[in-house]
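# this one's sequence-less:
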């Protein structure tokens, strides 16, 4: 019921359900007459209506198998592994943080207190990520995030071999896990959702996101099966040493991200389509100049030759 009540304020939901007048009213609630910006709510709603009709037309007749054909195979791979990175970067330890603190030697009271405090660390990281994503590329955030998490998890794993009776070691593990949570929620935690939405082509966006999310759900099931034995005294009994396992996973994900994760920041969907069509490597996505309105039939080689000497303009220069 609560979601249903909020839906009437969602302009895109209203457009999809044919309630154009209500969508226009909802849009006007979000704008200010004193903003000084030339804004026409009716035109915006009509554009949303046309976009909705175009997406319906483009998605008609598509199948999930299409996500694994041609250039869409690469897009599905990126969307899926970007989401898998959330599960296999060590974030599973966050859900079992109390057990990690206890296995590190902290008493129940301290473990509970840190578990409460980590929610605040996560919230702070998420809030800061809103500003970070405005100035730093998604690829850069992912690489630095995974790299930092690799270092933190490696140290946690190494401390697992130290004396758990040492107060310094116990609080060291607890403090590092708190920092890990902050870094996760600053980097790959929220940025993942931007990447998953940006990389699929418009025609297969819904199906690609569904596939990627299902891969993530499977990964979550795997985590819930292996993390308890890792931390359990009567099972694998790894305790904080499990950080080394997730550090190795982070290293693999960082390697994949370096070679396979492109930079979509500042690109239009048309430019992304053309970059994937040309087969540009992930490391060259940010600097390659493409023409999203390339002539029909123009080969990638011809376009690359035509644009190779053309410097990429900034957004301010493009407006001029």
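Received it, and whenever you're ready, just let me know what you need. Note that the structure is predicted; figures quoted are calculated from it, not measured. Numbers count the residues shown, from 1 in each chain.
# as a whole number, average confidence for the one helix or strand residue 176 maps to?
Taking DSSP states H and E as the criterion, residue 176 maps to helix 167-186. If you average the pLDDT over helix 167-186, you get 94.
# so what does the helix or strand just after it touch, helix or strand wise?
Once helix 167-186 ends, the next helix or strand along the chain (criterion: DSSP H and E) is helix 188-198. For helix 188-198, the contact count by 3 or more C-beta pairs under 8 Å, 6 or more residues apart in numbering; DSSP states H and E identifies helix 71-88, helix 108-135, helix 138-159, helix 205-231 as packing neighbours. Backbone N, C-alpha and C define where each C-beta goes, glycine included.
# which parts of stretch 24-33 are buried?
24, 25, 26, 27 (16 or more other C-beta atoms under 10 Å).
# which is the next helix or strand following the strand or helix carrying the last one?
Going back to what we said before, that points to residue 27. In this structure, residue 27 sits in helix 20-29 according to DSSP H and E. As assigned by DSSP H and E, the chain's next helix or strand after helix 20-29 is helix 41-59.
# Per the annotation, how does this structure divide into domains?
2-31+38-59, 67-260, 269-319 (automatic domain parsing).
# which of those is buried the deepest?
Here the criterion is mean neighbour count by mean count of other C-beta atoms under 10 Å, and of the domains of the chain the winner is domain 67-260, at a mean of 18.
# End to end on that one, go ahead and measure it.
Between the start and the finish of domain 67-260 there is a gap of 17 Å, counting by C-alpha to C-alpha, to the nearest Å.
# quick one: that domain to chain centroid distance?
Using C-alpha atoms, centre = their mean, to the nearest Å, the distance from the centre of domain 67-260 to the centre of the chain it belongs to is 12 Å.
# how about low-confidence regions in the chain?
Across the chain, the ranges flagged by pLDDT under 70 are 1-9, 32-39, 55, 57-61, 292-320.
# mind redoing it with 80?
Scanning the chain for pLDDT under 80 picks out the ranges 1-10, 12, 30-39, 50-62, 164, 292-320.
# what's the residue closest to the geometric middle of it?
Centre of the chain computed as the mean C-alpha position; nearest residue by C-alpha atoms, centre = their mean is residue 192, 0.5 Å away.
# Let me see the contact set for that residue.
With contacts defined as C-beta atoms under 8 Å, 6 or more residues apart in numbering, the neighbours of residue 192 are 82, 83, 85, 86.
# any chance of those in TSV, plus distance to residue 225?
Formatted as TSV, the entries for the contacts of residue 192 read as follows, by distance: C-beta to C-beta, whole Å:
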residue	distance to residue 225
82	23
83	19
85	19
86	17
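# just those now: which is nearest residue 151?
Of all the contacts of residue 192, the one with the least separation from residue 151 (C-beta to C-beta) is residue 85, at 16.3 Å.
# That closest one contacts residue 146, doesn't it?
Yes. When contacts are counted by C-beta atoms under 8 Å, residue 85 is listed as touching residue 146 (7.1 Å).
# Now the common contact residues for the two.
Counting by C-beta under 8 Å, 6+ apart, the shared contacts of residue 85 and residue 146 are 188, 253, 257.
# which of those lies closest to residue 137?
Using C-beta to C-beta, the shared contacts of residue 85 and residue 146 come closest to residue 137 at residue 257, 12.0 Å.
# Leaving out the residues flanking it, which one is nearest to the closest one?
In space, residue 257 comes closest to residue 142 once its chain neighbours are excluded; the distance is 5.2 Å by C-beta to C-beta, 6 or more residues apart in numbering.
# That neighbour contacts residue 191, correct?
Yes. Taking contacts as C-beta under 8 Å, residue 142 lies within contact range of residue 191: 6.4 Å.
# Identify the residues contacting residue 185.
121, 122, 123, 124, 125, 126, 129.
# Can I get those in CSV including distance to residue 237?
Formatted as CSV, these follow (distance: C-beta to C-beta, whole Å):
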residue, distance to residue 237
121, 28
122, 28
123, 33
124, 33
125, 31
126, 33
129, 35
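# Identify, from the residues you listed, the entry nearest to residue 78.
The shortest approach to residue 78 among those belongs to residue 129, at 19.7 Å (C-beta to C-beta).
# what about the closest one, distance to residue 117?
Taking C-beta to C-beta, to the nearest Å as the criterion, residue 129 is separated from residue 117 by 19 Å.
# Go ahead and confirm residue 89 touches residue 147.
No. Residue 89 is not in contact with residue 147 according to C-beta under 8 Å; the separation is 10.9 Å.
# what do those two both touch?
Common contact partners of residue 89 and residue 147 (C-beta under 8 Å, 6+ apart): none.
# Hey, what's the angle from the helix holding residue 27 to helix 41-59? Just curious.
Calculated by axes from the mean of the first three to the mean of the last three C-alpha atoms, to 10 degrees, helix 20-29 forms an angle of 120 degrees with helix 41-59.
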